[in-house]
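Engineer: Make a model of this:
(one chain, ligands or ions: 1)
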Amino acid sequence: MSENKTKYIFVTGGVVSSLGKGLAASSIGCLLESRGARVQMMKLDPYINVDPGTMSPFQHGECYVTDDGAETDLDLGHYERFTNAVLTKANNWTSGRIYLSVIEKERRGDYLGKTIQVIPHITDEIKKAVRVVAEKDSPDVLIVEIGGTVGDIESLPFMEAIRQLGNEEGRGNALYVHVTLVPYIAAAGELKTKPTQHSVRELREIGISADILLCRSEKPLSKDLRRKIALFCNVQENAVIAALDVKTIYEVPLAFHEQGLDDLIVKELQLEEKFPIADLNDWRELVSTIKQPSEGEVKIAIVGKYVELEDSYKSLREALTHAGVANNLRVNVNWIESESLLDDENYQTRLQDFDAILVPGGFGKRGILGMIRAIEFARKSKTPYFGICLGMQTACIEFARNVLNLRDADSTEFNPDTPFPIIFKLRDLVNVEELGGTMRLGAWQCRLKEGSLAREIYHNSPEISERHRHRYEFNPEFRTALENEGLIFSGVSPDGKFIEMIELPRAVHPFFIGCQFHPEYKSKPLDAHPLFVSFVQAAQENRLKSENLKDDVTSDKKIEIPERSMSVGDE
Ligand code: GLN
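Structural biologist: Got it, this is the predicted structure:
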């Protein structure tokens, strides 16, 4: 029955890059779900890299990881945060992967010696990738975002493929949404529509007529301007939607809804009867809490590398916002380049300013000493600490160096010849066959120790599943030595091989947790991740405590924990 058929929305971008196409696509997904539709999302990236995981975070922002271990574009993070879609490798294709797959087939002789061409072989492969997702999950709507900008040479095969798909599906079953720019020219004091006109024309030249225009603009679009855009771009007037800058990205769906975007989409896709009304109450409440939290603000320091490029920690930033909402707080995030703590004599005073400290994931040696400094400070001053992946590894190194006095303790990533390899490549010793590549990627089960803070945070769940992306692991040979000094190994893989979580006993520190996985990938605005929620709560408790002890704050923070008193003997 045609009623159960998946409908398609193709999202393209024009004029310039960085218009927030990914957010626009995610917001459409969010709106359709708010009407009860089941949504699936995918991204087609024109670049040639086969694997986005190998791309520099400086150039490309965060590498987002799915449950099945795909290293994907950061837009997939938005998709999972804004919708309930569960994404896999099948939801992100690059030109490189498409070509690789066609070339592999050609090598196998699948094409029986035919001439392999962009049309039809590459375009067929792209269409197949899209249809596989539609068939696997049978969503009501599949939203397909095309990376890059219309007019890019490398995106042409994708454009041709979605043109063909729309044609095959027929009217009422597929929709083209074009995200474009309406710049404000200060000298003329006017918004200009010409770039949008050109971009829509360029799209038309490749056979695609935009149905809906999402116009990024600094200023509101007047009625006249909408009319003009509609006329020149051959769309309905109500299909010219303004995408103004908003305070928080979570406001985008609401702004689109107010202009009738979801009404228009369900009408065009003939889904009006099936999904008649949007319920956005939770979402409205979320946005109002983000804008005006009732409990004030906590200041958190993120001590890491790449801090100059916030995009490389996109999911982390969002997870902290979600946790803020859950606590009715604003999380004021301060990025500290870890190296800068090294030549700063007053680094303690600098760190004392924060209610909590977080060391995020990262690769390579640079900045490690600065992180260790920050961790030592957090441990001794009882400032809440949360270490993620590299942040757990450096916390173990700090503990080994400063509590066990193993001065040269290190990770073999930073010093291959260390006499105390606290962190190393476990897989060089244990033959973990299913690992395939060199990284431990995607979802892994983890058992939580009874009575631990971690277990309490996860609502007493004995076993959890979290996503990984790293090469190195805690070296189990050192487990007993660190345990004897009080470190708690609160999360371990079910086979006992991998240490996944560590913590300090609550008797000696209010919140000191490290995890080998990346919880930020699974945090959602309406379902904040428990580890982040508890961390932000600990920051708030620390803030309130310091406020109460204002006169005494320096001495309070400087209390040194007698290292030997840390044993807990709880095992
Ligand atoms: N560099 C470390 C490793 O490969 C940590 C990686 C990370 O933080 N994602 O194990």
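Engineer: Quick check: the gap between the nearest residue to Thr412 once chain neighbours are set aside and Asp410.
Structural biologist: Nearest non-adjacent residue to Thr412, counting by CB to CB, 6 or more residues apart in numbering: Phe424, 4.5 Å away. Where you see a C-beta, it was placed from the backbone N, CA and C, and this is true even at glycine. According to CB to CB, to the nearest Å, Phe424 stands 9 Å off from Asp410.
Engineer: Any regions of the chain where pLDDT drops low?
Structural biologist: Residues of the chain that meet the criterion pLDDT under 70 lie in 1-3, 52-60, 306-310, 427-437, 550-571.
Engineer: picking up where we left off before, burial count for the residue nearest to Thr412?
Structural biologist: Neighbouring residues of Phe424 were enumerated by other CB atoms under 10 Å; the total is 22.
Engineer: Would you map the strands across the stretch 451-571 of the chain?
Structural biologist: Using DSSP state E, counting those that start in this stretch, the strands of the stretch 451-571 of the chain run over 463-470, 473-474, 488-492, 499-503, 512-515.
Engineer: For the ligand, which of these is the nearest?
Structural biologist: strand 463-470 (3.2 Å; CB to the nearest ligand atom).
Engineer: The closest one - contacts with which helices or strands?
Structural biologist: Packed against strand 463-470 by the contact rule (3 or more CB pairs under 8 Å, 6 or more residues apart in numbering; DSSP states H and E) you find strand 64-65, strand 440-448.
Engineer: residues making contact with the longest one?
Structural biologist: Yep, that's strand 440-448 we're talking about. By CB atoms under 8 Å, 6 or more residues apart in numbering, the residues outside strand 440-448 that reach it are 65-71, 427, 454-455, 458, 461-471, 473, 490-494, 498, 500-501, 517.
Engineer: Now the buried members of the residues you listed.
Structural biologist: 65-67, 69-71, 427, 454-455, 458, 464, 466-471, 473, 490-493, 498, 500-501, 517 (16 or more other CB atoms under 10 Å).
Engineer: Might you report the residue contacts of the closest residue to Asn91 other than its chain neighbours?
Structural biologist: Spatial nearest neighbour of Asn91, excluding adjacent residues (CB to CB, 6+ apart): Met42 at 4.4 Å. Taking CB under 8 Å, 6+ apart, we find Met42 in contact with Leu87, Ala90, Asn91, Asn92, Trp93, Ala129, Val130, Val133, Leu142, Ile143, Val144, Glu145.
Engineer: Count the neighbours of Glu260 for me.
Structural biologist: Actually, residue 260 is Gly. It isn't Glu. Counted with other CB under 10 Å, Gly260 comes out at 13.
Engineer: Ok, Glu169 next?
Structural biologist: 16.
Engineer: Give me the distance between it and Leu31.
Structural biologist: Taking CB to CB, one finds Glu169 at 21 Å from Leu31.
Engineer: With Phe232 instead?
Structural biologist: In terms of CB to CB, Phe232 sits 27 Å off from Leu31.
Engineer: same question, Ala454
Structural biologist: For Ala454, the distance to Leu31 - CB to CB - is 36 Å.
Engineer: Which one of the strands of the stretch 451-571 of the chain lies nearest to Asn402?
Structural biologist: strand 512-515 (13.3 Å; CB to CB).
Engineer: Let me see the contact set for the residue nearest in space to the middle of the chain.
Structural biologist: Note on the chain: the residue nearest the mean C-alpha position is Ser315, at 3.2 Å, using CA atoms, centre = their mean. By CB under 8 Å, 6+ apart, the contact list for Ser315 reads Glu62, Tyr64, Leu74, Gly77, His518, Glu520, Tyr521, Ser523.
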